[in-house]
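Colleague: Here is the input, now give the coordinates:
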Amino acid sequence: MPFRFKSFRVYDEAKGFSKFCREHVFANITDKNLADQICRALNSIILNIAEGSADKSDAEFARFLGISIRSVYETVAGFDLAETYGMIPSDLNLDIENKAERLAKQLSSFRSSLVNGPKP
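Modeller: Residues are numbered from 1 along each chain as shown. As a prediction, the model looks like this:
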């Protein structure tokens, strides 16, 4: 059984985003609970892409991509709290937000293609 999620560009993008963010979580965020929550959200982005791809139904896969998108938002909120608490600088938070926005757009576009079908 092939793991089709490994062929999706957005899957690779999500892994890169997660790796970038995790490096900054462990280097800067001293609140263990917040760090753990951010890491769970980062894992959720990737794992929901993989889990959703196992379904034969595009509608069900789209639902899992929606969960991935919400996890991107959760990650952004976690880093925003870290900035508020003085654990990360605002320029790093802005960089994370920009990367997150790009990933969320890619996930949303992929989800739309599943729901609406390919564009002519």
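
Colleague: burial of Ser44, as a residue count?
Modeller: 19 (other C-beta atoms under 10 Å). All C-beta spots, glycine's among them, are computed from the backbone N, C-alpha and C.

Colleague: Pull the residues that contact the one helix or strand it maps to.
Modeller: Under the criterion of DSSP states H and E, Ser44 resides in helix 32-53. Contact with helix 32-53 is made by 3-5, 8, 10-11, 14-15, 17-18, 21-22, 25-26, 29, 60-65, 67-68, 71-72, 74-75, 78-79, 81-82, 85, 103, 107, as judged by C-beta atoms under 8 Å, 6 or more residues apart in numbering.

Colleague: One more: stretch 19-30?
Modeller: Ala35, Ile38, Cys39, Leu42, Thr75, Phe79, Ala82, Met87, Ile88, Leu92, Ile96, Lys99.

Colleague: For it, list the C-alpha coordinates in PDB.
Modeller: Provided in PDB are the C-alpha atoms of stretch 19-30 (Å, rounded to 0.1, in the frame of the first residue of the first chain):
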ATOM      1  CA  LYS A  19      11.100  21.700  11.800                       C
ATOM      2  CA  PHE A  20      11.700  25.500  11.600                       C
ATOM      3  CA  CYS A  21       9.200  26.200  14.400                       C
ATOM      4  CA  ARG A  22      10.300  23.300  16.700                       C
ATOM      5  CA  GLU A  23      13.900  24.700  16.600                       C
ATOM      6  CA  HIS A  24      12.600  27.900  18.000                       C
ATOM      7  CA  VAL A  25      10.200  26.300  20.500                       C
ATOM      8  CA  PHE A  26      13.000  24.400  22.200                       C
ATOM      9  CA  ALA A  27      15.500  27.300  22.000                       C
ATOM     10  CA  ASN A  28      13.200  30.000  23.300                       C
ATOM     11  CA  ILE A  29      10.000  28.900  25.000                       C
ATOM     12  CA  THR A  30      10.500  28.300  28.700                       C
END
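
Colleague: Next, the buried residues of stretch 99-109.
Modeller: Lys99, Ala100, Leu103, Ala104, Gln106, Leu107, Ser108 (16 or more other C-beta atoms under 10 Å).
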